[in-house]
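Chemist: Sequence and predicted model, in that order:
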Amino acid sequence: MTYRRTFLKGSAATLGASTLPVSAVRASETGADRSEQQVRTDTGSDGMVSTVHPRATEVGADVLRTGGNAIDAAVAAQFALNVVQPHGSGIGGGGFMLVYIAEEDELYSIDNRERAPLGATPEMFLDDAGEPIPFKERITLGEAVGVPGTLRACDVALKRFGTCELSELITPGIELASGECSVTVDEHLASVIEAEREKFNDAARSVFVPDGEPLQAGDELVQPALADTFRQIRADGIGSFYTGEIATATADAVQKHGGSMTVDDLARYNVTIDHPDAGEYGDLTVRTQSLPSSGGLTIAQLLALLEAFDLGQYERRSAETYHRLIEAFHLAYADRGEYMGDKALVDAPWQGLLDAEYVDQRRSLIDPDSAELAGADPGDPWAYQPGDPYRVSTRKRSETDGSKRLKSPFQSDLGQTTHFTTADSEGNLVSWTSTIEQFFGTGIMVPEHGFMLNNELTDFDAKPGGPNQVEPTKRPLSSTSPTIVFKDGEPLMTIGSPGGKTIITTILQVILNVAEFGMSLPDAVAEPRIYADVDPAVVWEGTVPATARRQLGRLGHDIEETATPLGNVQAIAVRDEEYFGVADGRRDGSVIGL
């Protein structure tokens, strides 16, 4: 079919616009609500920056204008995001960063995922009766804080691939945090402060709920303690964060809230430079983060499951398309939960999960006329590759809750974060997803230092016994999926999103919208999304047609009663000698091309 060779078929008018209301293809034929998501776009031949916030995008673009490369711009944007989006990412968290170096024609992953401290135990999220501590309580505990990796990633990325000093790139963040460059609270941040204020410690409350009144949209956001911390890092380097006074303050804050983290845990931290996993779809190669992120393997398996369906024969918003997506999601997430964990400590059946015979066998379980796969058992991919697992025994359902897996609230699946992406005149690309997990992480701000601490260790299974159980120095399983897609060996687009476990299905659907349905990149990002995992519930966005939802219900799917926004994509397309940037309108995304 021809869809896979029609990338960015949109008109020239589309390429030049800054804000576009976009309608997905053939929406009217399926009865869709015509109120579509908005995206922001820009073009440029010398560089591109797309982030979730205008001030961070401006900071990254300024670095490119003054001669920095894509890696420099991404690091500067990360520091700026810590200031303007303190609820989503920052130096108290971690993430995954893909870097494409054009001169080498090589793609690298800088894994800066948070790690469990040496004092972590498999039972640390169980109560005295041996049952999991309720999720809403678990995410506020000191035990939830993983050893942060973001700052180390900035340092290593610059030393390996950058052209600027970290001390230069942190300066715009200092100016933003100190109030020298004004930052106002936007509606999104104001709503998050109101929703999360009860979990704040005193230090966080003094910044975001001064005098007992939460900051409102339009208020000025000034963070002097964070500015001082950035100044200390600028003067002394990252050693002050991982071994010095900031490290001591961080460990003290974690221990005060019941955690075990020590300065030694911080001093031991380092990132891993690796190569991303690869999945194929037609003539596209999709390169995505490897374990401990499940994104690479799960997206690759979903692409393999879905390609044979030739989804392009159906309307994009038809029940036929959604049904096949949902059933494939059920199968892939069943395998994800059973077999995946930190590859440094857990064997995973990489070959088996993507083996053609195994994929065919799993696909054969999908009945086109009936929803049968909610709660599906995992398959046996180990039967399709050499060797047996030796580092961990997989936990079967009968060993957990009888016939059911332990289900976490959907809030945990929406774990909040930020994604941003950059490109430069040399063809270098960065796709970086950075997080402190839930909005404002644990709610613990390091006193007198102004940064929030993550609650990333709640991504471990609360109950011990499986590949994703808590262990010292281990990285919890993630769904973070910074992605770069290649065609004929050349970069085609970068893409990424926040959203916890929904990241996987968000990225997959944008890729399918381009590769299978021939959409332009703005249309592909704006198109409404659905989400399902191993559990029955099917989550949908507001413009998924009511007629399709009713048909899915008749097939037996458990369709949620109300819509839920899913993800927030930042993307850059590489087209001939030009970049085409897209920022999702589900939040206040911003894109600047040079």
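Modeler: Noted; the coordinates are in hand.
Chemist: what residue ranges in the stretch 351-500 of the chain score low on pLDDT?
Modeler: 391-415 (pLDDT under 70).
Chemist: where exactly do the strands run in it?
Modeler: Ranges of strands within the stretch 351-500 of the chain are 417-424, 429-435, 483-487, 490-496, based on DSSP state E, counting those that start in this stretch.
Chemist: Tell me, how many residues neighbour the residue nearest to R363 when sequence neighbours are not counted?
Modeler: The shortest distance from R363 to any non-neighbouring residue, by C-beta to C-beta, 6 or more residues apart in numbering, is to L305 (5.3 Å). C-betas here are computed from N, CA, C, even on glycine. As a burial measure, L305 scores 22 neighbours (other C-beta atoms under 10 Å).
Chemist: do L221 as well
Modeler: 20.
Chemist: What helix or strand is V514 located in?
Modeler: Taking DSSP states H and E as the criterion, V514 maps to helix 502-515.
Chemist: If you count contacts, what does that helix end up packed against?
Modeler: strand 284-288, helix 295-307, helix 319-339, strand 483-487, strand 490-496, helix 521-526, strand 530-531 (3 or more C-beta pairs under 8 Å, 6 or more residues apart in numbering; DSSP states H and E).
Chemist: just to revisit the earlier point, residue contacts, the residue nearest to R363?
Modeler: A328, L331, A332, V359, R362, R363 (C-beta atoms under 8 Å, 6 or more residues apart in numbering).
Chemist: One more: H557?
Modeler: H557 neighbours (C-beta under 8 Å, 6+ apart): H323, I326, A371, A374, P536, V538.
Chemist: For V359, see how far away the residue nearest to R363 is.
Modeler: 6 Å (C-beta to C-beta, to the nearest Å).
Chemist: Would you agree L345 is in contact with K474?
Modeler: Yes: here L345 reaches K474: they are 5.4 Å apart, a contact under C-beta atoms under 8 Å.
Chemist: Neighbour count for the two, which is higher?
Modeler: Neighbours were counted for L345 and for K474 using other C-beta under 10 Å; K474 has more, 23 against 16.
Chemist: List the residues that contact that one.
Modeler: Contacts of K474 (C-beta under 8 Å, 6+ apart): R115, A116, A120, G341, D342, A344, L345, F460.
Chemist: Tell me where the model's unsure across this structure.
Modeler: In the chain (pLDDT under 70), the answer is 1-37, 391-415.
Chemist: What's the end-to-end length of stretch 236-245?
Modeler: End-to-end distance of stretch 236-245: 11 Å, with C-alpha to C-alpha, to the nearest Å as the criterion.
Chemist: Which positions within it qualify as buried?
Modeler: G237, I238, S240, F241, Y242, G244 (16 or more other C-beta atoms under 10 Å).
Chemist: any idea how far S109 is from the second one?
Modeler: Think I238. Distance from I238 to S109, by C-beta to C-beta: 20 Å.
Chemist: and if you look at the third one?
Modeler: Noted for S240: a distance of 27 Å to S109, by C-beta to C-beta.
Chemist: Check the fourth one too.
Modeler: The spacing between F241 and S109, counted by C-beta to C-beta, is 22 Å.
Chemist: What segments of the stretch 351-500 of the chain are helices?
Modeler: Applying DSSP state H, counting those that start in this stretch to the stretch 351-500 of the chain gives helices spanning 356-363, 410-413.
Chemist: The longest one: how far from the chain's middle?
Modeler: Spelled out, that is helix 356-363. 28 Å (C-alpha atoms, centre = their mean, to the nearest Å).
Chemist: Give me the contacts around that helix.
Modeler: Outside helix 356-363, the residues touching it (C-beta under 8 Å, 6+ apart) are Q301, A304, L305, A308, A328, L331, G352, G379, P381, A383, Y384.
Chemist: Weed out the non-buried ones from the residues you listed.
Modeler: Buried, going by 16+ other C-beta under 10 Å: Q301, A304, L305, A328, L331, G352, G379, P381, Y384, out of the contacts of helix 356-363.
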